[in-house]
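1. Could you work out the structure for the sequence below:
(2 chains)
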Amino acid sequence: MTASKLDVDALIDDPRTRVIVCCGSGGVGKTTTAAALALRAAERGRQTVVLTIDPARRLAQSMGLTELDNTPRAVAGADGDLDAMMLDMKRTFDDIVLAHSDAARAQQILANPFYQSLSSSFSGTQEYMAMEKLGQLRATGAWDLIVVDTPPSRSALDFLDAPKRLGTFLDGRLIRLLIVPAKAGGRAYLKVISAGVGMVTSVLTKILGAQVLKDVSLFVTALETMFGGFRERADNTYALLKAPGTAFLVEAAPERDALREAAYFVERLSQERMPLAGLVLNRVHRSAVPSLSAERTVAAAEELAGRRGAATAEGVLRLHADRMVVAARERRLFERFTAAHPAVAVAEVAARSTDVHDLDGLRAVGADLAS
Amino acid sequence: MTAFPGVRLHVVSGKGGTGKTTVAGALALALATGGRKVLLTEVEDRGGLAQLFDTARMGYAEHRLAAAPGGGEVNGLAVDPEQALLEYLETFYKLRRAGSALKRIGAVDFATTVAPGMRDVLLTGKVMEATRRSGPGGRPVYDAVVLDAPPTGRIARFLNVNAEVAGLAKVGPIHGHAQQVMSVIASPLTAVHLVTLLEEMPVQETVDGVADLRAAGLRVGGIFVNMVRPALLPAKALVAARNGTLGTESLAKTLEGVGVPAGALPGLLVEAREHAERVQLESAERAELARLDLPTAELPLLSEAVDVGALYQLAEQLREQLIA
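-> Sure thing, here's the model as predicted:
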């Protein structure tokens, strides 16, 4: 079974495509693909911004991203209109706090230990802030195409679930419970809540200690007044992902774990009715001489083994045989994916012998994506 | 392991895609070889260990994953923060029944997902408990515990629960628990190993990770270089392949002599050049790693997928390099 080809140029040239979200498990080359796509789109005439999460240092430098300042900047050397930025998770969160509350309350929140823990942790907050930043970039209307890289989650699904999880929690019963004491100004709250809840509160106090409970309580109260419903914000973010003009690209490498994550993600996107543009299969090994089989090559190498002056020839043959074996394994793994998901269009990017760390490298990846 | 004397808890971290779960599995097998009992734990709810050992997905109970050569055994445990919290409540407060009430109002969600420091201390707490657990006569139940840990970018924060929780709870029971966990993790009983590939980003993350771990007062164990390609060309040929001067008449003749069609030569030279570029890149990265001056083991790139059989081979290679 062969998958249909993903027409990358048609996707990035279509003015209706406003947001491209690159997702997939960590280590499959998302950041490089996002940057390559954005550069290609810009050089084909789109006003593009790329939001990267955690680029390799030299790749970041090649795009002029020398500081993590959360501001899109023009990429020098791009033959088009391309801005790039790196996400500063904590700063994005701080900015939301500062934008939505008065100075005194903002300081109170920023100094709260729970806020500090939540805003600088990697579990969920980074995903949430990436989506928040996407919403902000979209709202400015300054670009007609936004390409987003997603955080290096272990599981591709974190990125869809984190905003909701945070929203659900902040809207949950525990929060209601914790808000009460702060609002009621101390112990008085015991009178207004039921005995069952009182038991839970006393358990929490016992385990966490009264100070912790008070910190949590102050924190969520502050957030509550600031947002007027965190869930609404999370829902808006989710709606943006489903809006027309958003396209998801699921990324994978031809390896078992990465393809399994990609399959989960494809299924999840379809359940959520989110628009999947296709799969990008990175780091595919191809042979320059596909007609020369591994078996035949190994036989020839065996014949040369130990012969004087033939070490180079033998090595060249063994290299080729290895390459053929790897390519065949990758093909088999990928065929399993396409058998289960025959409708997903695919673009392949060949494995490179060196790292991509300049614009020419990105152009080459972009050309490969579109070929 | 002789490279890591006195270490009972081996924490294995690495950048995503470097194969840290595979390395953790191979390390557990290597440690169990010769009749020892090892516990292999995971904390990220991925079922990665069950998959690696080709067994049914593990529940929150320790069970046997594999036998090791010489009568050893590897047991597996998938640590789940919710279960760890309930167990913690039971152990320290006899409060298992309160658990369901806490769950109903979202307190369990809070402790296990939203307050990351809390979750981490619960996960590492369970691993610490297994490390210190002793059976009849005070002998440790496990000779060693291997933890398939979160990736390098998060590892120092994950393990440094004391610092994380200290900000949240300056006094009180959770704080006390965190300090107990730290007394194992920051002791000579624990070593953190980092898995990397010979590529720019994983090596950079490894170097940064070592600095982070040391800054947090944690002991870095070894560097596991995974998926190393065999050197298939003589050194001189590598240079020639890069310079494009490999395609000599004698090479063409030799290849033709063993039945390789002449038309294949240009393609083979392209592959040789790519290989040579790769080897050059790898040696630069290897030099970068050598500057860390840590015990290092290399594991080969397997051209076939890693199955249980391959895992035993990798374990044997680790033994040869680290226990020799």
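2. For whatever residue of the stretch 151-300 of chain B ends up closest to chain A, the count of nearby residues, please.
-> The stretch 151-300 of chain B approaches chain A most closely through residue B:172 (2.8 Å), counting by Cβ to the nearest Cβ. For every residue, glycine as well, the C-beta is placed using N, CA and C. Under the neighbour criterion other Cβ atoms under 10 Å in any protein chain shown, residue B:172 is assigned a count of 19.
3. was I right about it contacting residue A:213?
-> No. Using Cβ atoms under 8 Å, residue B:172 is not in contact with residue A:213, being 9.8 Å away.
4. tell me the helices in chain B, going along the chain?
-> B:20-32, B:48-52, B:81-93, B:98-104, B:107-109, B:116-132, B:152-159, B:161-168, B:173-185, B:200-215, B:235-243, B:249-257, B:265-290, B:308-322 (DSSP state H).
5. same thing with the stretch 201-350 of chain A?
-> A:210-227, A:230-242, A:256-271, A:294-304, A:311-340 (DSSP state H, counting those that start in this stretch).
6. Now distance to chain B, mean neighbour count and mean pLDDT too, for those helices, in TSV please.
-> Formatted as TSV, the helices of the stretch 201-350 of chain A follow (distance: least, Cβ to the nearest Cβ, whole Å; neighbours: other Cβ atoms under 10 Å in any protein chain shown; pLDDT from 0 to 100):
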stretch	distance to chain B	mean neighbour count	mean pLDDT
helix A:210-227	5	20	70
helix A:230-242	11	17	74
helix A:256-271	6	19	89
helix A:294-304	4	18	96
helix A:311-340	4	20	94
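7. could I get those as JSON lines with distance to residue B:57?
-> Output for the helices of the stretch 201-350 of chain A, formatted as JSON lines (distance: least, Cβ to Cβ, whole Å):
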{"stretch": "helix A:210-227", "distance to residue B:57": "34"}
{"stretch": "helix A:230-242", "distance to residue B:57": "29"}
{"stretch": "helix A:256-271", "distance to residue B:57": "13"}
{"stretch": "helix A:294-304", "distance to residue B:57": "35"}
{"stretch": "helix A:311-340", "distance to residue B:57": "20"}
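8. so residue A:84 sits in a helix?
-> No. Residue A:84 is assigned strand when assessed by DSSP: H, G, I helix; E, B strand; the rest coil, not a helix.
9. Would you mind measuring from it to residue A:48?
-> Per Cβ to Cβ, to the nearest Å, residue A:84 is found 9 Å from residue A:48.
10. Have a look at chain B and report its longest strand.
-> strand B:220-228 (DSSP state E).
11. how much does that strand deviate in direction from helix B:308-322?
-> With axes from the mean of the first three to the mean of the last three Cα atoms, to 10 degrees defining the directions, strand B:220-228 sits at 130 degrees from helix B:308-322.
12. Determine the set of other helices and strands touching strand B:220-228.
-> For strand B:220-228, the packing partners by 3 or more Cβ pairs under 8 Å, 6 or more residues apart in numbering or on different chains; DSSP states H and E come out as strand B:9-14, helix B:20-32, strand B:190-196, helix B:200-215, helix B:265-290, strand B:296-300.
13. I'd like the ones you listed as TSV, with distance to chain A and mean neighbour count appended.
-> What follows is these, written out as TSV (distance: least, Cβ to the nearest Cβ, whole Å; neighbours: other Cβ atoms under 10 Å in any protein chain shown):
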stretch	distance to chain A	mean neighbour count
strand B:9-14	9	28
helix B:20-32	8	29
strand B:190-196	11	27
helix B:200-215	4	20
helix B:265-290	3	18
strand B:296-300	11	18
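14. right, and those - which one's nearest residue B:43?
-> Among those, the nearest to residue B:43 by Cβ to Cβ is strand B:9-14 (10.3 Å).
15. average pLDDT for that closest one?
-> Averaging pLDDT along strand B:9-14 yields 96.
16. Report the distance from that strand to the chain centre.
-> On the basis of Cα atoms, centre = their mean, to the nearest Å, strand B:9-14 sits 5 Å off its chain's mean C-alpha point.
17. which strand is the longest one in chain A?
-> If you go by DSSP E, chain A has its longest strand at strand A:276-284.
18. Paired strands for it, with orientation please.
-> Sheet pairing for strand A:276-284, assigned by DSSP bridges, gives strand A:246-252 (parallel), strand A:346-350 (parallel).
19. For residue B:50, find the nearest of those strands.
-> The nearest among these, by Cβ to Cβ, is strand A:246-252 at 21.3 Å.
20. Can you show me the CA trace of the closest one as CSV?
-> The C-alpha trace of strand A:246-252 is given here as CSV (Å, rounded to 0.1, in the frame of the first residue of the first chain):
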residue,chain,number,x,y,z
THR,A,246,-5.5,25.7,10.9
ALA,A,247,-3.6,22.7,9.5
PHE,A,248,-1.9,20.0,11.6
LEU,A,249,1.3,18.3,10.4
VAL,A,250,2.1,15.2,12.4
GLU,A,251,5.8,14.4,12.4
ALA,A,252,7.5,11.1,12.8
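21. Next one: the residue lying farthest from the centre of chain A from residue A:300, what distance?
-> Residue farthest from the centre of chain A, counting by Cα atoms, centre = their mean, is residue A:308 at 52.7 Å. Distance of residue A:308 to residue A:300, given as Cβ to Cβ: 17 Å.
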